[in-house]
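Colleague: Predicted model follows, preceded by the sequence.
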Amino acid sequence: MRYEVYLDAVILIQFVMNYCVLRLTESLMRLKTSRLRVVLASLAGAFGSCLLFLPIGLNAYLKFIFVFILFGSLMLGIAFRVRGMRQYLCMVLAIASTTFLLGGVVQWLMSMLGRNIPMLLWIVLVWVIYCLLQFGLKQYRKQKSLFIPVTILLEGDGKSTKQISVIALKDTGNRLREESTGKAVCIIEQGIADFKKEELYKVIYHTLGNENDEMNAQMIPRMVIHTKEGDVVSKDVMLALYPGKISKKGAYHMILHPEYLKED
């Protein structure tokens, strides 16, 4: 059985796929590179894919693995600055994952639309899927960045202190303050933190159907917010106890006031 293969079409299709995969890998691993390097790497991989159609005396699966490893490594070397074997292996895993994801979605859509679709429509389809994946990754990172690990220090018996680690939600819309001191208020679930009965403050907050709910609050000596840029240390933090679950799914147990993200 004979097949006719149009190498120009193969090169164009592979170039588009390679470019999208490399860009997704760049975003996934937070790498920095130039568009020119990605274009050159995509072209190298596209021309390398033509080896799959040459009459080389290898099993089809072995030929595919050989081309993927050889030109996949070449593409990574051209597109990115690989620093060490560990980063290289992470890149290989990332590029394999993005290839599987993008290719899987494209194959599924082609099975729905039919395989004999015009090449221009195919390219547009791949580009739209790529843009949607990039958008989804960006939104996931944005959502994930709202959750920050926090360590708070509470006064214990005598001169001792109690340390509590908790995941907090960075709430940029939190404007809650304690009236007598004017201090910005962070909120934590009751039961995670316990206060001494003396020196308690009352923080008034509003909920749906109730305009004057109260929470007990206390000035804690120290709080450390562990951000990606480094630890932010705040002293004399107003912390209020919320009598219930802050997150229904348990994703976080504290609401952080944005003012405390500024280091004292």
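Modeller: Good, I have the coordinates.

Colleague: taking the mean pLDDT, what do you get for the longest strand along the chain?
Modeller: Criterion DSSP state E: the longest strand present in the chain is strand 210-227. Mean pLDDT, strand 210-227: 84.

Colleague: can you give me the offset of it from its chain's centre?
Modeller: From the chain centre to the centre of strand 210-227 is a distance of 28 Å (CA atoms, centre = their mean, to the nearest Å).

Colleague: cool, and stretch 164-182?
Modeller: Distance of stretch 164-182 from its chain centroid, counting by CA atoms, centre = their mean, is 24 Å.

Colleague: Can you name the residues in contact with that stretch?
Modeller: Contact with stretch 164-182 is made by 145-154, 183-188, 192-193, 201, 203-205, 217, 219, 225, 238, 240, 246-247, 251-258, 261, as judged by CB atoms under 8 Å, 6 or more residues apart in numbering. Every C-beta, even on glycine, is put in place using the N, C-alpha and C of the backbone.

Colleague: average pLDDT across that stretch?
Modeller: The model assigns stretch 164-182 a mean pLDDT of 87.

Colleague: how far does that stretch stretch from start to finish?
Modeller: With CA to CA, to the nearest Å applied, stretch 164-182 spans 25 Å between its terminal residues.

Colleague: Also stretch 105-122?
Modeller: End-to-end for stretch 105-122, by CA to CA: 12 Å.

Colleague: How about that stretch, which residues are buried there?
Modeller: 105-106, 122 (16 or more other CB atoms under 10 Å).

Colleague: This protein: helices as residue ranges?
Modeller: Listed in chain order, the helices found in the chain under DSSP state H are 7-28, 35-48, 60-79, 84-113, 119-144.

Colleague: Of those, which shows the lowest average pLDDT?
Modeller: Least confident of the helices of the chain, judged by mean pLDDT, is helix 60-79 with a mean of 77.

Colleague: Report the inter-axis angle for it versus helix 84-113.
Modeller: 120 degrees (axes from the mean of the first three to the mean of the last three CA atoms, to 10 degrees).

Colleague: mind putting the helices of the chain in TSV, distance to Val232 included?
Modeller: Compiled in TSV, the helices of the chain are given as follows (distance: least, CB to CB, whole Å):
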stretch	distance to Val232
helix 7-28	27
helix 35-48	35
helix 60-79	35
helix 84-113	29
helix 119-144	18
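
Colleague: okay, which residue is most central for the protein?
Modeller: Residue closest to the mean C-alpha point of the chain, counted by CA atoms, centre = their mean, is Arg141 at 3.1 Å.

Colleague: That one and Ser247, how far apart?
Modeller: Computed as CB to CB, to the nearest Å, the Arg141 to Ser247 distance reads 19 Å.

Colleague: Repeat that for Val232.
Modeller: 22 Å.

Colleague: ditto for Leu169
Modeller: Distance, Leu169 to Ser247, by CB to CB: 7 Å.

Colleague: swap in Val92?
Modeller: Using CB to CB, Val92 is found at 37 Å from Ser247.

Colleague: Determine which member of these two has the greater number of neighbouring residues.
Modeller: Val92 (17 against 14; other CB atoms under 10 Å).

Colleague: pretty sure the more buried one contacts Gly72?
Modeller: Yes - here Val92 reaches Gly72: they are 6.9 Å apart, a contact under CB atoms under 8 Å.
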